[in-house]
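Undergrad: show me how the following folds:
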Amino acid sequence: MTGVQTCALPDLEKENRDMQILFGVNEKNNKQVLWCPNDTNKILHTNTGIIGTMGTGKTQFTKSMITQIYRESKYNVDGKKVGILIFDYKGDYNKSKQDFIDATNAKIFELYHLPFNPLAVIKGPNSKPMLPLHTANTLKETLAKAFGLGIKQETLLRDLIMEAYEKRGIIKQKPDTWDNPAPTLKDVYDIYVNRDDLKEDSLYAAFSNLIDFEIFEPNPFETKSLFKLIDGVTVIDLSGYDPGIQNLVVAITLDLFYSQMQSYGHSKIDGHLRQLNKIILVDEADNFLSKDFASLKKILKEGREFGVGTVLSTQLLSHFSTGENDYANYILSWVVHRVDDLTNKDVKRIFNTQSRQEEESIFNKIKGLNKHHSLVKMGNSDRPISMKDKAFWELNK
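TA: Numbering: from 1, shown residues only. As a prediction, the model looks like this:
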């Protein structure tokens, strides 16, 4: 497979090997196309883009990939279990999908009393000074971007959060107090609505959405670390909610994830192998990408050092490019199914084509792909692999 960075093909039953995810079969030579997320000689980082028009087999491929990562965890460095967090916009991974739950032992959480606290203060060996203030600022910026808050509203929101911390005995400049139970969003809301000068403006609307739906657990003693919660496959079922609520939950959760990722420190390295710690999947990510929330970009850029990879699934490559960011720059592996709305610029961006003829050839291949077939760019190779996917329904055949 000239120019293709894939791992060796030892006996898949052999115990002494690395993680191997069977993406599919190369249609030209009938060899397995394996993705090896631990091997830094082959895959520098695990950020992956999965693209395809509805009905092309994109979800079947993604489910297969996730299920195999779950099953292959025993071959991770030190046999560490990989935590997989799925943001499920359409309900493809929720309680109605028993075959996926059975295959992965997935835990499904609906948007009611999510058992982690967005205001948790997680101390680590390299914690920033004034950490509660940093946490307050991050949440403030996310809510401000989501709801278009003004400067005065942002300042008020940060002050409300800091007041809630102090009421729980958490003092920003005293690290020995940061272990106290953190306030919840409900605590902040209660302080806010009891103000004499309460205004029913966009800040009030933002808070009301979060609190009225009781999305996050209001009792700090009933919450746990998000990183500890992501043990095996963990699905947050966003289906059926307003897009604004969906995106806000994802943004707030990724803020907390990024903070805890840094707190837990870098992943273990064993020679050219890096321990895989967590995988984030944002399914049907187009609407979320367009909002340019800061934490996603930071996780994409920095996650490798922490053993964290991100999988973004969407219908068009253009979704990866926004006014503020080109997320495609942070993705190394691509699985491209048939895309109806495709441009030559898209082809050049992924496959780094060197001629117009090569560009047109790949363009036409993508437009003519059948269901469960894809073009793959893996690792540092720009050479496309024509692949028959390993679909989820095939895993137990």
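Undergrad: drop to CA atoms for contacts and neighbour counts, all remaining ones
TA: Will do.
Undergrad: which stretches of this structure form helices?
TA: Assigned by DSSP state H, the chain shows helices spanning 58-72, 98-104, 131-147, 151-167, 185-193, 202-212, 226-229, 243-264, 286-289, 294-302, 344-351, 356-367.
Undergrad: and the first one, how far out from the chain middle?
TA: Centroid separation for helix 58-72 versus its chain: 14 Å, with CA atoms, centre = their mean, to the nearest Å.
Undergrad: that one - contacts with which helices or strands?
TA: Helix 58-72 is packed against strand 21-26, strand 48-51, helix 98-104, with contacts defined by 3 or more CA pairs under 8 Å, 6 or more residues apart in numbering; DSSP states H and E.
Undergrad: list the helices and strands the second one packs on?
TA: Using 3+ CA pairs under 8 Å, 6+ apart as the contact criterion, the secondary-structure elements in contact with strand 48-51 are helix 58-72, strand 308-314, strand 333-336.
Undergrad: mind exporting the longest one as PDB, just the C-alpha atoms?
TA: The one in question is helix 58-72. Extracted C-alpha coordinates of helix 58-72, given in PDB (Å, rounded to 0.1, in the frame of the first residue of the first chain):
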ATOM      1  CA  LYS A  58     -21.300   7.700   7.800                       C
ATOM      2  CA  THR A  59     -23.100   6.800  11.000                       C
ATOM      3  CA  GLN A  60     -22.500   3.000  10.500                       C
ATOM      4  CA  PHE A  61     -18.800   3.700  10.000                       C
ATOM      5  CA  THR A  62     -18.600   6.000  13.100                       C
ATOM      6  CA  LYS A  63     -20.400   3.500  15.300                       C
ATOM      7  CA  SER A  64     -18.000   0.800  14.100                       C
ATOM      8  CA  MET A  65     -15.000   3.000  14.900                       C
ATOM      9  CA  ILE A  66     -16.300   3.800  18.400                       C
ATOM     10  CA  THR A  67     -17.200   0.200  19.200                       C
ATOM     11  CA  GLN A  68     -13.800  -1.000  18.100                       C
ATOM     12  CA  ILE A  69     -12.000   1.700  20.200                       C
ATOM     13  CA  TYR A  70     -14.000   0.400  23.200                       C
ATOM     14  CA  ARG A  71     -13.100  -3.200  22.500                       C
ATOM     15  CA  GLU A  72      -9.400  -2.500  21.700                       C
END
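Undergrad: if we can go back for a sec, would you turn the helices and strands packed on helix 58-72 into CSV with mean neighbour count, mean pLDDT and distance to residue 394?
TA: Shown next, in CSV, are the helices and strands packed on helix 58-72 (neighbours: other CA atoms under 10 Å; pLDDT from 0 to 100; distance: least, CA to CA, whole Å):
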stretch, mean neighbour count, mean pLDDT, distance to residue 394
strand 21-26, 21, 97, 11
strand 48-51, 24, 94, 19
helix 98-104, 16, 96, 12
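Undergrad: between these, which gets nearest to residue 135?
TA: Counting by CA to CA, residue 135 lies closest to strand 48-51 out of the helices and strands packed on helix 58-72; the figure is 28.3 Å.
Undergrad: name every strand pairing with that closest one and say which way it goes.
TA: strand 308-314 (parallel), strand 333-336 (parallel) (DSSP bridges).
Undergrad: re the thing from before, just the helices of the chain: most buried one?
TA: Of those, the one with the most neighbours on average (mean count of other CA atoms under 10 Å) is helix 58-72, at a mean of 22.
Undergrad: how big is the angle separating it from strand 308-314?
TA: Angle, helix 58-72 to strand 308-314, by axes from the mean of the first three to the mean of the last three CA atoms, to 10 degrees: 160 degrees.
Undergrad: and the contacts of helix 58-72?
TA: For helix 58-72, the surrounding residues in contact (CA atoms under 8 Å, 6 or more residues apart in numbering) are 19-23, 50-52, 81-82, 84, 92, 100, 103-104, 232-233, 313, 337, 372, 389-393, 395.
Undergrad: average pLDDT for that helix?
TA: Averaged across helix 58-72, the pLDDT comes to 97.
Undergrad: related to what we said a few turns ago, out of the helices and strands packed on helix 58-72, which gets nearest to residue 297?
TA: strand 48-51 (13.5 Å).
Undergrad: per-residue confidence at the residue nearest the centre of the chain?
TA: Central residue of the chain (CA atoms, centre = their mean): residue 280, 2.9 Å from the mean position. We have a pLDDT of 97 for residue 280.
Undergrad: check residue 380 too.
TA: 68.
Undergrad: same check on residue 322?
TA: Looking at residue 322, the pLDDT reads 77.
Undergrad: leaving out sequence neighbours, find the closest residue to it.
TA: Closest residue to residue 322 apart from its sequence neighbours, by CA to CA, 6 or more residues apart in numbering: residue 290 at 5.9 Å.
Undergrad: so how far is residue 217 from that neighbour?
TA: As judged by CA to CA, to the nearest Å, residue 290 and residue 217 stand 28 Å apart.
Undergrad: what's the spacing between residue 391 and residue 321?
TA: For residue 391 relative to residue 321 (CA to CA), the value is 28 Å.
Undergrad: contacts only, for the residue nearest to residue 253 when sequence neighbours are not counted.
TA: Leaving out its chain neighbours, the residue that sits closest to residue 253 by CA to CA, 6+ apart is residue 118, at 6.9 Å. With contact set as CA under 8 Å, 6+ apart, residue 118 has these partners: 139, 184, 185, 252, 253, 255, 256.
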